[in-house]
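S.K.: sequence and computational prediction follow.
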Amino acid sequence: MGRYFGTDGIRGVVNKALTPELAFRCGAACGYLFKKDNNNCKVIIGSDTRASKDMLMGALISGFTYSGCNVEHIGVLPTPALAFLIDRMGATAGVMISASHNPYYYNGIKILTKGGIKLPDAKEDEIEGLMDPFEIAPAEKPGNLSYNLKAKDFYCEHIKQACEEEISSFKVILDCANGATSDTAHRVFEELGVDARIYHDKPNGVNINEGCGSMHMEELAAIVCRKEADIGFAFDGDADRCLACDSKGRLIDGDKILAVLALYLKERSRLKQNSLVATVMSNLGLIEKMNQNGINVPTTKVGDRYVLEEMMERDYVLGGENSGHIIFLEKATTGDGQLTAIMLLCAMKALKMTSEDVYDIFRPYPQVQINVNADDLQKRKLMKDEVFLKDVAKAEAAFAGHGRILVRPSGTEPYIRILVEGPEEKLVRKTAKALEESTDIRLSQLF
């Protein structure tokens, strides 16, 4: 993780960590590198619904055109739409202005290249080296700006064509998080014939993810029960993730969605190498369930970019995170919330499952996750602190190989994340509390 780039691009509070000046330098640096590889470089830029999108959009466009790249503005649309459209529109790269699940006062810059692939770490390091110190001279001929606000029409058709079963019999509740699916969800689900009741689809620039979406499932659960729906789906602000709740309002996380989709693909002999890629955050219950069904579960670091890298390197077709980033490499190179919802409905129809069956697909191990406030300097220092690392190792030893502990710095937020998982809930909670106290103590002693 570099100075500016985290696990999902550049992200921060607008006009503090993420300023127009920083966005300009990022655009100019990216444009400089892209222009070296392709003299006729074209970059497409989209955004979610945050109020700061126009300010950052203008700064990025200035940076790219400063370096001689042509830019096509494609408006508000999901991150996976931008990823799909890069090749469809003959672009060199795409840039998404979004902070995903974060509140409106955050924003971010995600850079994708051909095939909808996120930049490798080495390329991000190269961009950072050009951003600071900034010594890029303006191009002899500045780039041009054009607009194509109907580009997402191609994406909507692509998502509809991805549907593999007749799913019009389902009654579904959708929570759009006042984000990027506020328009597309209506078009996609209604044109597929799904009885879809859609909520939080009226963005005003500051209500994205506010008490809604995949980070706030309580209201969706209540609506599903009240409306007697078959299932509910919630997207995040840029719609690259999806979580669900069953007809009783119980949370269906990404691990359970992955389990059902893996079984669906395996039944159709499409689960290459009988493998499902997950991350170290996935529940041990998922791994046990998959192993019982002859499915391997290789794991990666946290971040859908690392899931995708593993999938592409090993020729796997399904992977994701328990947070709801699900990648179907047959159909997309990024997590796609709407695609995930449609594919889960297809799997339910084909496997004759209800949403309650999805919820019960496996019994998760007791798990506790805790976030401890820490800035970037604190994260770096703590994760190298021998005293703290010994505390973590001692806590993990108490599980005698029948549980696990994961302590990591968040790549997108100012937290140290602690995960404790094991077969006994009492020990899990006790261990998590002790580690939280240890983290607080060491941070106070180190700073």
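M.R.: Everything's here; your move.
S.K.: can you list the helices and strands that the helix or strand harbouring Ile370 packs against?
M.R.: According to DSSP states H and E, Ile370 maps onto strand 367-373. Judged by 3 or more Cβ pairs under 8 Å, 6 or more residues apart in numbering; DSSP states H and E, the packing partners of strand 367-373 are strand 415-421, helix 425-446. Glycine gets a C-beta too; all of them are placed from N, C-alpha and C.
S.K.: now do the contacts for Thr79.
M.R.: Counting by Cβ atoms under 8 Å, 6 or more residues apart in numbering, Thr79 makes contact with 48, 96, 98, 100, 110, 180, 238-240, 334.
S.K.: any idea how far Thr113 is from Asp121?
M.R.: For Thr113, the distance to Asp121 equals 13 Å [Cβ to Cβ, to the nearest Å].
S.K.: more neighbours, those two?
M.R.: Higher neighbour count among Thr113 and Asp121: Thr113, with 19 against 15, using other Cβ atoms under 10 Å.
S.K.: in a helix, Arg380, correct?
M.R.: Yes - under DSSP: H, G, I helix; E, B strand; the rest coil, Arg380 sits within a helix.
S.K.: state the distance from it to Ile416.
M.R.: With Cβ to Cβ as the criterion, Arg380 and Ile416 are 11 Å apart.
S.K.: Asp153 too?
M.R.: Taken as Cβ to Cβ, the span from Asp153 to Ile416 is 43 Å.
S.K.: neighbour count: these two, which is higher?
M.R.: Using other Cβ under 10 Å, the more surrounded residue of Asp153 and Ile416 is Ile416, with 24 against 12.
S.K.: contact partners for the more buried one?
M.R.: 371-372, 374, 378-379, 382, 407-410, 439.
S.K.: can you do 10 Å?
M.R.: 370-374, 378-379, 382-383, 388, 407-410, 435-436, 439-440, 442-443 (Cβ atoms under 10 Å, 6 or more residues apart in numbering).
S.K.: with Lys426 instead?
M.R.: Pro366 are the contacts of Lys426 under Cβ under 10 Å, 6+ apart.
S.K.: picking up where we left off before, export the helices and strands packed on strand 367-373 to TSV and tack on mean pLDDT?
M.R.: TSV is the format used below for the helices and strands packed on strand 367-373 (pLDDT from 0 to 100):
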stretch	mean pLDDT
strand 415-421	94
helix 425-446	92
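S.K.: can you dump the C-alpha coordinates of stretch 359-371 into PDB?
M.R.: The C-alpha trace of stretch 359-371 is given here as PDB (Å, rounded to 0.1, in the frame of the first residue of the first chain):
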ATOM      1  CA  TYR A 359     -29.300 -18.700   4.600                       C
ATOM      2  CA  ASP A 360     -29.000 -22.200   5.900                       C
ATOM      3  CA  ILE A 361     -26.400 -23.300   3.200                       C
ATOM      4  CA  PHE A 362     -23.800 -23.700   6.000                       C
ATOM      5  CA  ARG A 363     -23.400 -23.000   9.700                       C
ATOM      6  CA  PRO A 364     -20.800 -20.300  10.100                       C
ATOM      7  CA  TYR A 365     -18.200 -20.400  12.900                       C
ATOM      8  CA  PRO A 366     -18.700 -17.800  15.600                       C
ATOM      9  CA  GLN A 367     -16.800 -14.700  14.500                       C
ATOM     10  CA  VAL A 368     -16.100 -11.300  16.000                       C
ATOM     11  CA  GLN A 369     -14.800  -8.300  14.000                       C
ATOM     12  CA  ILE A 370     -13.600  -5.200  15.700                       C
ATOM     13  CA  ASN A 371     -12.300  -1.900  14.200                       C
END
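S.K.: pull the distance from that stretch to the chain's centre.
M.R.: Distance, stretch centre to chain centre, for stretch 359-371: 20 Å (Cα atoms, centre = their mean, to the nearest Å).
S.K.: buried residues, it. List them.
M.R.: 359, 361-362, 364-368, 370 (16 or more other Cβ atoms under 10 Å).
S.K.: now stretch 191-211
M.R.: 192, 194, 196, 198-201, 203, 207-210.
S.K.: cool, and stretch 396-414?
M.R.: Buried, per 16+ other Cβ under 10 Å, within stretch 396-414: 396, 399, 403, 405-414.
S.K.: next, the distance between the ends of it.
M.R.: End-to-end distance of stretch 396-414 (Cα to Cα, to the nearest Å): 24 Å.
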